[in-house]
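> When you get a sec, could you give me coordinates for this:
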Amino acid sequence: MSSTAVGGKLERSASVIIADAMIGCHILKIDGYSRTKGTPTGEFIKSHPFTMGGHCWCIRYYPNGYDSESADYISVFLILNESVTKAVKAQHKFSFVDDVEEQTLSLTSEDIHDFKSHHGWGQKTFIKREALEKSKHLKDDSFMVRCDVTIINKIHTEEIPMAEAATVPTFVSVPPSDLHQHLGDLLQTNKDADVVFEVGGETFTAHRCVLGARSPVFSKLFGAMKESCAAGAVRIEYMEAPVFKALFCFIYTDSLPEMNKEDEAAMSQHLLVAACRYNLERLKLICEHKLCKCIEASTLATILALAEQHHCHGLKKACFNFLSSPVNLTAVLASDGIEYLNRSCPSVIKELIAKIGALGI
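The predicted structure is shown next:
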């Protein structure tokens, strides 16, 4: 009797095919690019071996192309740097580090290749040398290439419960949180505001409960003032009005207002100081991240002093990484900023002297 007949019982089961994979990436820095250009076409420089997915790999860098057809290009290849009896299946993609956010790339659209013993796959025309030399990727005669890899380990089948296999229609779509918009509107409308600040000749109204919830410093301040803060404005002497406005924007919306590129570096410095004063750790890290991108010979001294004074370890590392280039170090030493550093952070000068000695300048 058919399972669909009256009185019959329909037996159902489900299974799933699983393609296990290991995902990773390797970053290769070419430091001293101009000195690698003498490598003949077809010859490569090999990266240090690295392990991924239980296999040993390396990257081959061809400064003058893989072959005569790609002689004007830089070629990069991912190589399986070991002997295997069975080919390793993998997907990969090369990109410049400064084009990639700090996350693993999705390689679902990339081809799966068979990697055999001491052979591999890559891009013969990764980038034209002329284009690289005019691009943002080449900085201080160096650039970094990232190779994202997905290694297909094995494919197997498992039985699964029918409840997991059933496709459930979606009847309700949940939108993303808009709490920051509501709190932003609260800041703009000043509805039920119960405290006033006076900063640089401007007044700002706010809500003690919001400020106290976001900052332990504000919470302690309002606790000490009790109801007296409703009687008059709280005067802020140590901050400019635009900085205080941006600070309030972050407190209410967890984000910063739009800024001009020209203003971003200065505003980030002021906000970093404010973040430390009001114990806003996330704002401090946001400002550190922005300032890491603003480091130049003309700004190095100010940013390094700020990093030292406010214990910004990541920002300080970025400053010394900038100084690891003899060209940058020479430019900083020739600027007026070195005198500012000597006055404001003499301890940093000792570290700088040690670096000069290490570089032999």
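> Let me see the ranges of the helices in the protein.
Under the criterion DSSP state H, helices of the chain are mapped to 129-134, 162-165, 179-189, 208-214, 216-225, 241-253, 261-277, 281-292, 300-309, 313-323, 326-333, 337-344, 346-359.
> Let me know whether residue 126 touches residue 72 as I believe.
No - using CB atoms under 8 Å, residue 126 makes no contact with residue 72, being 11.6 Å away. All C-beta spots, glycine's among them, are computed from the backbone N, C-alpha and C.
> Those two: who's more crowded?
residue 126 (21 against 13; other CB atoms under 10 Å).
> show me what contacts that one?
Neighbour list for residue 126: 73, 74, 75, 76, 94, 145 [criterion: CB atoms under 8 Å, 6 or more residues apart in numbering].
> same deal with residue 283?
Applying CB under 8 Å, 6+ apart, the residues contacting residue 283 are 247, 250, 271, 272, 274, 275.
> Check residue 140 too.
Counted by CB under 8 Å, 6+ apart, residue 140 has contacts 325, 327, 328.
> Pass me the low-pLDDT residue ranges in the stretch 251-361 of the chain, would you?
355-361 (pLDDT under 70).
> please redo it, this time with the cut-off set to 50
Of all residues in the stretch 251-361 of the chain, none has pLDDT under 50.
> If we ignore the residues flanking it in sequence, what's nearest residue 43?
residue 62 (7.1 Å; CB to CB, 6 or more residues apart in numbering).
> swap that for residue 24, please
Using CB to CB, 6+ apart, the nearest residue to residue 24 is residue 52, at 4.6 Å.
> Which residues does that neighbour form beta bridges with?
residue 55 (DSSP bridges).
> how near is it to residue 144?
18 Å (CB to CB, to the nearest Å).
> re earlier: for the residue nearest to residue 43, give me its contacts.
39, 41, 42, 43, 44, 70, 74, 75, 76, 77.
> My read is that the third one contacts residue 67, right?
Translated: residue 42. Yes - the pair residue 42 and residue 67 passes the contact test of CB under 8 Å, sitting 5.9 Å apart.
> the more surrounded of those two?
Applying other CB under 10 Å to residue 42 and residue 67 shows that residue 42 carries more neighbours, namely 14 against 11.
> Could you check how far that one is from residue 315?
Taking CB to CB, one finds residue 42 at 43 Å from residue 315.
> With residue 266 instead?
15 Å.
> Those two: which has the busier surroundings?
residue 315 (24 against 15).
> give the contact list for residue 92.
78, 107, 110, 113, 121, 147, 148, 149, 150.
> tell me the domain boundaries of this structure?
15-157, 179-359 (automatic domain parsing).
> And the longest one, how far out from the chain middle?
Going by CA atoms, centre = their mean, to the nearest Å, the spacing between the C-alpha centre of domain 179-359 and its chain's C-alpha centre is 19 Å.
> The shortest one too?
In terms of CA atoms, centre = their mean, the centre of domain 15-157 is set 21 Å apart from its chain centre.
> circling back: distance-wise, check the residue nearest to residue 43 relative to residue 146.
From residue 62 to residue 146 the distance is 17 Å (CB to CB).
> Repeat that for residue 17.
31 Å.
> These two: who's more crowded?
Ranked by neighbour count (other CB under 10 Å), residue 17 and residue 146 place residue 146 first, with 17 against 8.
> which residues touch the more buried one?
By CB under 8 Å, 6+ apart, the neighbours of residue 146 are 25, 26, 27, 28, 94, 95, 96, 97, 100.
> please redo it, this time with the cut-off set to 6 Å
Contact partners of residue 146, counting by CB atoms under 6 Å, 6 or more residues apart in numbering, are 25, 27, 95, 97, 100.
> Then residue 13?
Per CB under 6 Å, 6+ apart, neighbours of residue 13: none.
> do you know how far it is from residue 189?
As judged by CB to CB, residue 13 and residue 189 stand 59 Å apart.
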